[in-house]
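**Q** Provided below are the primary sequence and the corresponding predicted coordinates.
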2 protein chains.
Amino acid sequence: MSLADAAGTDVLSMRKLAQELGVVPMALYKHVANKDELLDGMVDLVVAEIGPPGAGEWKSAMRARILGARRALRRHPWAARVIESRTAPPPALLGYLDSMAGMFRAGGFSVALTHHAMHAMGSRLLGFSQELFDDTGAAPDPAFVRQLARAYPHIAEIAGAAAGHDAASTVGACDDQVEFEFALDLLLDGLERLRAAEA
Amino acid sequence: MSLADAAGTDVLSMRKLAQELGVVPMALYKHVANKDELLDGMVDLVVAEIGPPGAGEWKSAMRARILGARRALRRHPWAARVIESRTAPPPALLGYLDSMAGMFRAGGFSVALTHHAMHAMGSRLLGFSQELFDDTGAAPDPAFVRQLARAYPHIAEIAGAAAGHDAASTVGACDDQVEFEFALDLLLDGLERLRAAEA
DNA sequence: TGCCAAGGTGTACGCCGTACACCTTGGCGG
DNA sequence: CCGCCAAGGTGTACGGCGTACACCTTGGCA
């Protein structure tokens, strides 16, 4: 995990890991069956870093726990990608999801609505979500940005990428955390409304 | 794309593709700079299969287009994974996202709210979302399922996996399309509420 | 007629995961 | 004290991958 934290999952190969450990690659196979099992184990450890659910009303308890999960995932930037790559969820992940489902049920959700809710939340339960673009990379060359803004005016407007350009944009640089919480609250509020309607 | 459709992206290697084309691997590099460029091109073609936006009120127009995108993605099961793997969005994808942002703006969303909305929708704009589990695999051995149900009672309850077991579960097998539309409508309704509040 | 660009070829390198056979070592029962 | 045996490290090798680089073929046009 230290190696992955430092160098990224793409650099984590059995060979590199063995080298880091001062050992020959095949030695690792005395401890894990294969690379997938290694990755599963890493996921389990990350999930273990997420604390237990807190008490209180379902929505705020779940919100807090999800933000906790997000912090854990943030400490290990490779974790989200690795989790996505798993074919079957590692045991600790299943345990976590189970307890999240339990929080819905305890909050008064029917079985069916809990099912829908779990799907609707998807990876957001673990504090991440797949964005189709990362505006994080910062703008390179102004001329290129201008051409890009011409080709994709709405995106430019949104991104505030045409900095000072034509768009009197009210959005500054993009804050991941704010966007995550926005979407999270949108979902939680919607679910709460459905729960109330159900009762 | 035919090769990927038939065999899955994991099987699509430059060497296999070349073989399929009756050509030596290196011949491909006269047409694409590298494998990433090939994948970018494939994504562009998939995105091109999504039609133009329809007319009408923003919510139903966007709903229809997203479900169209989902159909396109469904025709090419590898597409979602390949899109996730891109570091920079291919041009056609940017164009699509731009037009989606345009639909929000035309529907009366402020720039800022459009920005939030785009993030909140995330990959759902393209008709897919990352699920942490696929209940598609069908239940294998009843004894195993029972043990699993004991370890993860809420998941079992939700999945209806404990078929006929203790949970008088009202959920049957899990319908991806239904779950997708549930979450989609949850988001669209929430956004519409915010738009109305903004006005 | 000769050239030249487009595109196919062959060889090679360095990476990957991992199968298989082997060796070292330390602790424990006899 | 001896011998064994399990845990764990080693070495070699295979088949896959993406792709750099030098080379060859061919068809159309000046």
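**A** Done, it's in.
**Q** What residues does chain A have near DNA strand C?
**A** Residues of chain A lying close to DNA strand C (CB under 7 Å from any atom of the strand) are A:Leu12, A:Ser13, A:Met14, A:Arg15, A:Lys16, A:Pro25, A:Met26, A:Tyr29, A:Asn34, A:Lys35, A:Asp36. Backbone N, C-alpha and C define where each C-beta goes, glycine included.
**Q** Number of residues surrounding the second one?
**A** By other CB atoms under 10 Å in any protein chain shown, 13 other residues sit near A:Ser13.
**Q** How about stretch A:28-35 and chain B, touching?
**A** No. Against chain B, stretch A:28-35 shows no contacts by CB under 8 Å from any CB of the partner chain, the least distance being 14.4 Å.
**Q** measure that stretch end to end?
**A** End-to-end distance for stretch A:28-35: 9 Å, by CA to CA, to the nearest Å.
**Q** cool, and stretch A:51-60?
**A** From its first residue to its last, stretch A:51-60 covers 15 Å (CA to CA).
**Q** In it, which residues are buried?
**A** Within stretch A:51-60, the residues that count as buried by 16 or more other CB atoms under 10 Å in any protein chain shown are A:Pro53, A:Trp58, A:Lys59.
**Q** Helix, strand, or coil at the residue nearest in space to the middle of chain A?
**A** Compute the mean C-alpha point of chain A, and by CA atoms, centre = their mean the closest residue is A:Phe128, 1.6 Å away. Three-state call for A:Phe128 (DSSP: H, G, I helix; E, B strand; the rest coil): coil.
**Q** now, which of the residues of chain A next to DNA strand C lie within helices?
**A** A:Met14, A:Arg15, A:Lys16, A:Lys35, A:Asp36 (DSSP state H).
**Q** ok, and the residue lying closest to the third one once chain neighbours are set aside, which helix or strand is that part of?
**A** Just to be clear, that refers to A:Lys16. Leaving out its chain neighbours, the residue that sits closest to A:Lys16 by CB to CB, 6 or more residues apart in numbering or on different chains is A:Leu3, at 6.9 Å. Assigned by DSSP states H and E, A:Leu3 falls within helix A:2-7.
**Q** quick one: stretch A:92-104 near chain B?
**A** Yes. Using CB under 8 Å from any CB, stretch A:92-104 reaches chain B at A:Leu93, A:Leu94, A:Gly95, A:Leu97, A:Asp98, A:Ser99, A:Ala101, A:Gly102.
**Q** As CSV, these with pLDDT would be great.
**A** Formatted as CSV, these follow (pLDDT from 0 to 100):
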residue, pLDDT
A:Leu93, 97
A:Leu94, 96
A:Gly95, 97
A:Leu97, 97
A:Asp98, 97
A:Ser99, 97
A:Ala101, 97
A:Gly102, 98
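**Q** coming back round to it: identify, from the buried residues of stretch A:51-60, the entry nearest to chain B.
**A** Using CB to the nearest CB, A:Pro53 comes nearest to chain B of those, at 12.0 Å.
**Q** Backbone dihedrals for that closest one, please?
**A** The phi/psi pair for A:Pro53 (degrees, to the nearest 10) reads phi -70, psi 150.
**Q** For the residue nearest to A:Glu57 when sequence neighbours are not counted, give me its contacts.
**A** Closest residue in space to A:Glu57, ignoring its immediate chain neighbours: A:Gly107 at 7.5 Å, by CB to CB, 6+ apart. Neighbour list for A:Gly107: A:Glu57, A:Trp58, A:Lys59, A:Ala61, A:Met62, A:Arg195 [criterion: CB atoms under 8 Å, 6 or more residues apart in numbering or on different chains].
**Q** and if we set it to 10 Å?
**A** A:Glu57, A:Trp58, A:Lys59, A:Ala61, A:Met62, A:Thr114, A:Ala117, A:Leu191, A:Glu192, A:Arg195 (CB atoms under 10 Å, 6 or more residues apart in numbering or on different chains).
**Q** Of those residues, keep whichever come out buried.
**A** Those of the contacts of A:Gly107 that meet the buried threshold are A:Trp58, A:Lys59, A:Ala61, A:Met62, A:Thr114, A:Ala117, A:Leu191, A:Glu192, A:Arg195, by 16+ other CB under 10 Å.
**Q** what bits of chain A have low per-residue confidence?
**A** Filtered on pLDDT under 70, chain A yields the residue ranges A:134-140, A:161-173.
**Q** Up against DNA strand D, what does it have?
**A** Proximity of chain A to DNA strand D (CB under 7 Å from any atom of the strand) is limited to residues A:Val23, A:Val24, A:Pro25, A:Met26, A:Ala27, A:Lys30, A:His31.
**Q** neighbours of the second one, just the number please.
**A** It refers to A:Val24. Counted with other CB under 10 Å, residues neighbouring A:Val24 total 10.
**Q** Next up, the contacts around it.
**A** Contact analysis of A:Val24 by CB under 10 Å, 6+ apart lists A:Arg15, A:Ala18.
**Q** again, only using 8 Å
**A** Per CB under 8 Å, 6+ apart, neighbours of A:Val24: A:Ala18.
**Q** For it, give me phi and psi.
**A** Per degrees, to the nearest 10, the backbone of A:Val24 is at phi -80, psi 150.
**Q** for chain A, which helix is longest?
**A** helix A:176-198.
**Q** and that helix, what other elements does it pack with?
**A** Under the contact criterion of 3 or more CB pairs under 8 Å, 6 or more residues apart in numbering or on different chains; DSSP states H and E, helix A:176-198 touches helix A:58-75, helix A:111-121, helix B:111-121, helix B:176-198.
**Q** That helix relative to helix A:58-75, how many degrees between them?
**A** Put simply, helix A:176-198 runs at 150 degrees to helix A:58-75, going by axes from the mean of the first three to the mean of the last three CA atoms, to 10 degrees.
**Q** Can you get me the centre-to-centre distance for helix A:176-198 and its chain?
**A** Centroid displacement of helix A:176-198 relative to its chain, using CA atoms, centre = their mean, to the nearest Å, is 16 Å.
**Q** Quick check: buried residues in it?
**A** A:176, A:179-184, A:186-188, A:190-192, A:194-195.
**Q** Are stretch A:118-134 and chain B in contact anywhere?
**A** Yes. Stretch A:118-134 reaches chain B (CB under 8 Å from any CB) through A:Met118, A:His119, A:Ala120, A:Gly122, A:Ser123, A:Leu125, A:Leu126, A:Ser129, A:Gln130, A:Glu131, A:Leu132, A:Phe133.
**Q** Noted, bye for now.
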